[in-house]
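[1] For reference, the sequence and a predicted model appear below.
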Amino acid sequence: MGKSNVRLLVVGIDGMEYEAARRYLSRSDGPLGEASRSGTLARLRSTIPPNSASAWSSIFTGTGPGRHGVYQFSDRKGGLVSSLSLRVPTLWEILSYLGMKSVVVNVPMTWPPTPLLGRLVSGLPAPTSSGIVFPPGEDKIIPRGYVPDLPGDPFVLHGDRPERAIEEAVNLEKQKLEVFRRALDGRSWDLAALVFTVSDRASHLFWMAGEPGPHVMMTYEAVESMIEEALEWVEYEHLLVVSDHGFYGSRRSLLLLNWMIHSGLYSGIRGGLGSWLAGLGRYLFDSSSLARAALPKLLRAASRLGVSMHFREEFGSQGRDGVTMGIGGRFVAISGRGPWSPMSGEALKIARALEAEGEREGLKIVRDIHDPRDLYSGPRVGLGPDLVIEIEPDFVIRPGLTLDGKLTSPLVCGGSHELYGVLIASERLEVDGDARVEDVTPTALGMLGLAPPAYMEGRDLYAQGSGRASLPDKLERRSLLLGLIKARLGLR
């Protein structure tokens with residue numbers, strides 16, 4: 001298998017934080033360090049909340065949640081959001097419409113796989129390695145034991161041994177690299193996109209107060225090493241490296257769900273007893289030296305029996321009064337089960353109660369309460385939250401449960417999503433201030449000689465010349481995908 005020629009290579013590094021990346025890249029001699037010095041290194045502002053589902057959707061559609069329709073990993077009713085939830089075409093779907101070919105591997109929000117000219121291997125939220133490849137019948141590119149996305153198991157199983165946890169997680173990431181190589185197959189492509197998630201998983205566990213810590217930096221180095229390996233069999237004309245959000249650490253945990261349950265604002269967790277036990281287990285793991293010693297052994301035994309336990313900070317949970325919550329770093333999106341009702345009474349009740357509880361404890365917890373009409377625009381604003389609470393950066397929101405229903409507790413280490421990720425490009429881009437996640441797809445189109453359609457909210461930061469082919473002002477995703485399916489079947 002020879003080298004693949006790629007016009008545009010897009011690499012995603014989930015959760016790579018701008019300031020930490022800048023320090024790392026200043027001493028890196030690898031391909032990312034070189035590109036950051038000879039090309040562009042900029043802050044990339046995420047969506048609000050800085051949630052992977054909405055941010056990756058914005059990165060690869062050029063639109064905000066108010067247009068593409070994805071705000072969290074769950075919708076207003078607590079149901080799972082997937083690739084079918086997107087209301088506008090992705091970058092590779094647009095290229096397919098133009099007859100251009102793409103390879104897409106492990107990009108979040110690509111399950112189930114949808115038609116394109118090329119190959120796609122789904123990332124998050126794919127539940128298994130079955131049915132994750134388009135075109136159907138090309139599962140031969142998936143190695144035995146392949147794990148879609150990157151589960152939390154290595155970090156839960158080996159949380160007391162960070163180097164071992166990172167080593168196992170990086171080995172799982174190398175599966176994605178091998179699938180990427182097989183999918184490229186030594187051919188020429190217009191677009192190749194691959195996302196690594198190890199830095200996000202490590203940052204949730206190992207980020208220190210105000211600093212990423214050495215173990216997070218280890219994941220940055222590991223990802224750059226994998227990119228360097230990929231460049232042994234990929235030649236590109238243009239390179240874009242992006243992250244969906246940054247991270248921050250704090251010295252106090254905000255046990256928001258715990259407080260809501262005990263205060264009567266929230267009567268249960270979607271998933272019932274299992275979710276309660278998972279939350280309690282995470283709290284014990286975080287706070288008890290005895291549990292720290294015992295839980296890894298129990299979980300290793302469970303893993304040998306095929307049992308997997310995943311703890312996620314970002315969740316959609318449904319309460320007694322029909323309230324769905326989505327957590328993204330310091331931002332809490334609250335929605336009712338009924339029709340969209342901006343600044344609704346039930347959502348405001350929770351926000352005001354949180355402010356009051358902080359005042360009783362002598363703490364300023366709530367920085368701001370955002371009206372969604374100030375955050376989002378477009379025809380799908382009504383699919384979003386009723387309001388968004390912004391928490392002071394002194395706190396990291398945690399899902400732990402306690403018997404006394406306390407709101408805050410000391411935190412040893414652990415990170416949460418922050419607004420600013422990173423943008424690296426092999427060329428000089430016209431970045432005035434911060435770039436935004438919505439800028440990535442228009443910029444990618446510009447690098448491929450195309451002017452972005454009018455509905456996109458981001459800017460083309462490449463902006464090279466005015467003689468580029470323009471796309472239609474409006475591209476309906478449903479009809480575009482239907483056309484690709486008909487072409488696949490040989491129909492007109």
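    Perfect, I can see it now. Residues are numbered from 1 along each chain as shown.
[2] Going by C-alpha atoms from here, please, whenever you check contacts or count neighbours.
    OK.
[3] list the buried ones in stretch 11-25?
    Within stretch 11-25, the residues that count as buried by 16 or more other CA atoms under 10 Å are 11-22, 24-25.
[4] Show only the entries of those found in helices.
    Tyr18, Glu19, Ala20, Ala21, Arg22, Tyr24, Leu25 (DSSP state H).
[5] so what's the fourth one up against?
    Ala21 makes contact with Tyr220, Val422 under the criterion CA atoms under 8 Å, 6 or more residues apart in numbering.
[6] Val133 versus that one, what's the distance?
    Between Ala21 and Val133 the distance is 32 Å, computed by CA to CA, to the nearest Å.
[7] Over to the third one?
    For Ala20, the distance to Val133 (CA to CA) stands at 34 Å.
[8] what's the nearest residue to the residue nearest to the spatial centre of the chain if we skip its chain neighbours?
    The residue lying closest to the centre of the chain (CA atoms, centre = their mean) is Ser52, at 2.3 Å. Excluding the flanking residues, the one nearest Ser52 by CA to CA, 6 or more residues apart in numbering is Asp244, at 6.2 Å.
[9] One more: Ala20?
    According to CA to CA, 6+ apart, the nearest residue to Ala20 is Pro212 (6.7 Å).
[10] For Val195, see how far away that neighbour is.
    20 Å.
[11] cool, and Glu163?
    22 Å.
[12] returning to that earlier point: dump the buried residues of stretch 11-25 into TSV; add pLDDT and distance to Ser82 as well.
    Formatted as TSV, the buried residues of stretch 11-25 follow (pLDDT from 0 to 100; distance: CA to CA, whole Å):
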residue	pLDDT	distance to Ser82
Val11	98	21
Gly12	98	19
Ile13	98	20
Asp14	97	18
Gly15	96	20
Met16	97	23
Glu17	97	25
Tyr18	97	28
Glu19	96	31
Ala20	96	31
Ala21	97	30
Arg22	97	33
Tyr24	97	34
Leu25	97	34
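[13] how about TSV for those residues, with distance to Leu239 added?
    Listed next are those as TSV, based on distance: CA to CA, whole Å:
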residue	distance to Leu239
Val11	8
Gly12	11
Ile13	13
Asp14	17
Gly15	19
Met16	17
Glu17	19
Tyr18	18
Glu19	21
Ala20	21
Ala21	17
Arg22	18
Tyr24	19
Leu25	16
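[14] Check the residues you listed and tell me the two furthest apart.
    Pairwise distances across those peak at 18.7 Å for Val11 and Glu19 (criterion: CA to CA).
[15] Regarding Arg164, what are the backbone dihedral angles?
    Backbone geometry at Arg164, expressed as degrees, to the nearest 10, gives phi -70, psi -40.
[16] Look at it and report its pLDDT.
    With respect to pLDDT, Arg164 scores 87.
[17] Same question for Gly274.
    45.
[18] and what of the one 3 residues further on?
    At Leu277, the model reports a pLDDT of 48.
[19] so Ser253 sits in a strand?
    Yes. Assessed by DSSP: H, G, I helix; E, B strand; the rest coil, Ser253 belongs to a strand.
[20] Now do the helices in the stretch 51-200 of the chain.
    52-59, 65-68, 91-97, 153-157, 162-184, 198-206 (DSSP state H, counting those that start in this stretch).
[21] Which parts of the stretch 251-400 of the chain are helices?
    Going by DSSP H, counting those that start in this stretch, the stretch 251-400 of the chain shows helices at 256-262, 273-287, 289-304, 345-360, 372-375.
[22] hmm, who's touching the last one?
    Residues from elsewhere that reach helix 372-375, judged by CA under 8 Å, 6+ apart: Ile48, Pro342, Met343, Val381, Gly384, Pro385, Asp386, Leu387, Val388.
[23] Relative to Lys474, which of those is nearest.
    Nearest member of those to Lys474, counting by CA to CA, is Val381, at 18.4 Å.
[24] Show the pLDDT at the nearest residue to Ile397 once chain neighbours are set aside.
    The shortest distance from Ile397 to any non-neighbouring residue, by CA to CA, 6+ apart, is to Leu254 (4.6 Å). As predicted, Leu254 sits at a pLDDT of 87.
[25] and if you look at Gln464?
    Reported pLDDT for Gln464: 76.
[26] quick one: it and Leu445 touch, right?
    No. Using CA atoms under 8 Å, Gln464 is not in contact with Leu445, being 10.9 Å away.
[27] quick one, which of those two is more surrounded?
    Of the pair Gln464 and Leu445, Leu445 is the one with more neighbours under other CA atoms under 10 Å, namely 24 against 16.
[28] secondary structure element for that one?
    Assessed by DSSP states H and E, Leu445 sits inside helix 440-447.
[29] Which secondary structure element of the chain has the lowest mean pLDDT?
    Lowest by mean pLDDT, DSSP states H and E among the helices and strands of the chain is strand 316-318, with a mean of 37.
[30] Pull the contacting residues for Tyr420.
    By CA under 8 Å, 6+ apart, the neighbours of Tyr420 are Glu17, Tyr18, Arg43, Leu44, Arg45, Ser46, His245, Gly246, Phe247.
[31] at 7 Å instead, please
    Glu17, Tyr18, Arg43, Leu44, Arg45, Ser46, His245, Gly246 (CA atoms under 7 Å, 6 or more residues apart in numbering).
[32] Distance-wise, check it relative to Arg459.
    For Tyr420 relative to Arg459 (CA to CA), the value is 17 Å.
[33] hmm, back to that, quick one: which of the helices of the stretch 51-200 of the chain is nearest Ala425?
    Closest among those, using CA to CA: helix 52-59, at 14.5 Å.
[34] Mind giving me the packing neighbours of that closest one?
    Judged by 3 or more CA pairs under 7 Å, 6 or more residues apart in numbering; DSSP states H and E, helix 52-59 is in contact with no other helix or strand.
[35] Give the residue spans of the stretch 201-350 of the chain that score low on pLDDT.
    By pLDDT under 70, the low-scoring segments of the stretch 201-350 of the chain are 209, 266-322.
[36] Could you rerun that using 50?
    Within the stretch 201-350 of the chain, the segments meeting pLDDT under 50 span 267-321.
[37] Assign a three-state SS to Met218, would you?
    helix.
[38] residues contacting it?
    Shown in contact with Met218 (CA under 7 Å, 6+ apart): no residues.
[39] now do Ser344
    Under the criterion of CA under 7 Å, 6+ apart, the neighbours of Ser344 are Asp386.
[40] same thing but 10 Å
    Ile334, Ser335, Gly336, Asp371, Pro385, Asp386, Leu387 (CA atoms under 10 Å, 6 or more residues apart in numbering).
[41] so where do the strands sit in the stretch 1-150 of the chain?
    Taking DSSP state E, counting those that start in this stretch as the test, the strands found in the stretch 1-150 of the chain are 4-13, 40-45, 102-107, 118-122, 133-134.
[42] Ile227 is nearest to which of those?
    Comparing the strands of the stretch 1-150 of the chain against Ile227 with CA to CA, the closest turns out to be strand 4-13 (8.3 Å).
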